[in-house]
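Asker: How does the following fold in three dimensions:
(chains A, B, C and D)
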There are 2 protein chains.
Amino acid sequence: MDEPPGRLARKPSWLITQLAVHIRRLVADSFTAAGARGYHYRILAALDEFGPASQAELGRRCRVDRSDVVAAVNELVEAGHVDRTPDPDHGRRNRVTLTAGGAAQLRRMDTLLDQVQDDLLEPLSAEDRATLTRLLGRVLARFEP
Amino acid sequence: MDEPPGRLARKPSWLITQLAVHIRRLVADSFTAAGARGYHYRILAALDEFGPASQAELGRRCRVDRSDVVAAVNELVEAGHVDRTPDPDHGRRNRVTLTAGGAAQLRRMDTLLDQVQDDLLEPLSAEDRATLTRLLGRVLARFEP
DNA sequence: TCCCCAATGTTGGGAACACCAACACTACGC
DNA sequence: GCGTAGTGTTGGTGTTCCCAACATTGGGGA
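Answerer: I've put the predicted structure just below:
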């Protein structure tokens, strides 16, 4: 593989965005085998952890735009992983609920995703992995007050 | 800001891809003010560091698909930052050369990008920045043998 | 020498993610 | 009661990354 320009390879922004490209490919390959994509996992995970929620809340929690939540929930309903019902206490709001099939799909995707983490961090020791995770968390926190 | 699911927030893959989103926004905001985008910087940097090159070589060095190099070089030629001439030694190949204006644009973008790095890593000490960069480099190297 | 294969530039298309504007409607606080 | 904020939805955009096909050229092996 040809080497990239040094002024690029040294910048943290390059390292992170390039790494993100490879990660997205790994994750996408795993998920498409399960007939899903990233947005689905985020939404299923939020429903599992916080219980039924409106689409707007899902969007805020998962960092997904309201309009993209619509499409993702459509697909999840289609697959039987989620139910969408009008919120009885609120005329406009929807109530999205995890189904048993959705919980099973979430477990499947979780396994796949854990394999990706191991694959990804393979060159690092357990201590270095923890350090990396901690530092990334501190940098990311700067963007989410 | 609502908190994302914990199973997500703990995964390095999530930290990196989310961080990449914020970084891309920072970089895009800086670059669009200069009338450019990411691909342009990569190509200008490669030309500055390695000298004139074919489009295929630029693509390999900058991790950009051949077909996307075509469009980016078109735009750079349009802006006067780059010259594209047929390679005299090779019928099919092109020879892309950095112009004086392109070198100036590269310096501008370098300044902007350095500001982004500082902005990005602001919460970390100099030592932590070096550690993060080193660990990221080791993980990324796994994907580029 | 001749032929096949690799490389090159180009066109055209697609997927995923992130984002924005507008609309109709509802809930809530002042 | 009324305006404002919140909600779901439609439709569209931009960036990055990736793929397939094509015509053409260069180079290497039979």
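Asker: from what I can see residue A:85 touches residue A:95, true?
Answerer: Yes - using Cβ atoms under 8 Å, residue A:85 and residue A:95 qualify as a contacting pair, with a distance of 5.2 Å. (Glycine included, C-beta is placed from N, CA and C.)
Asker: more neighbours, those two?
Answerer: Set residue A:85 next to residue A:95 and count neighbours by other Cβ atoms under 10 Å in any protein chain shown: residue A:95 wins out with 16 against 10.
Asker: Secondary structure element holding the more buried one?
Answerer: Element membership for residue A:95, per DSSP states H and E: strand A:94-98.
Asker: Could I get the average pLDDT for that strand?
Answerer: For strand A:94-98, mean pLDDT is 97.
Asker: Then stretch A:74-84?
Answerer: 96.
Asker: what does stretch A:125-139 give?
Answerer: Per-residue pLDDT over stretch A:125-139 has a mean of 97.
Asker: That one vs DNA strand C: in contact?
Answerer: No - with Cβ under 7 Å from any atom of the strand as the measure, stretch A:125-139 is seen stopping short of DNA strand C, the closest distance being 14.9 Å.
Asker: likewise stretch A:12-29?
Answerer: Yes - Stretch A:12-29 reaches DNA strand C (Cβ under 7 Å from any atom of the strand) through A:24, A:27, A:28.
Asker: what pLDDT does the first one get?
Answerer: So the one you mean is residue A:24. Listed pLDDT for residue A:24 reads 97.
Asker: With the second one instead?
Answerer: Reading off the per-residue confidence, residue A:27 sits at a pLDDT of 96.
Asker: residues touching it, list them.
Answerer: Applying Cβ atoms under 8 Å, 6 or more residues apart in numbering or on different chains, one finds that residue A:27 lies in contact with A:38, A:113, A:116, B:13.
Asker: cool, and the first one?
Answerer: For residue A:24, the contact set (Cβ under 8 Å, 6+ apart) comprises A:38, B:17.
Asker: can you pull the buried residues of the helix or strand harbouring it?
Answerer: Using DSSP H and E, residue A:24 sits within helix A:12-33. By 16 or more other Cβ atoms under 10 Å in any protein chain shown, the buried positions in helix A:12-33 come out as A:12-20, A:22-23, A:26-27, A:30-31.
Asker: which one among these gets closest to residue A:52?
Answerer: Nearest to residue A:52 among the buried residues of helix A:12-33: residue A:31, at 23.6 Å, using Cβ to Cβ.
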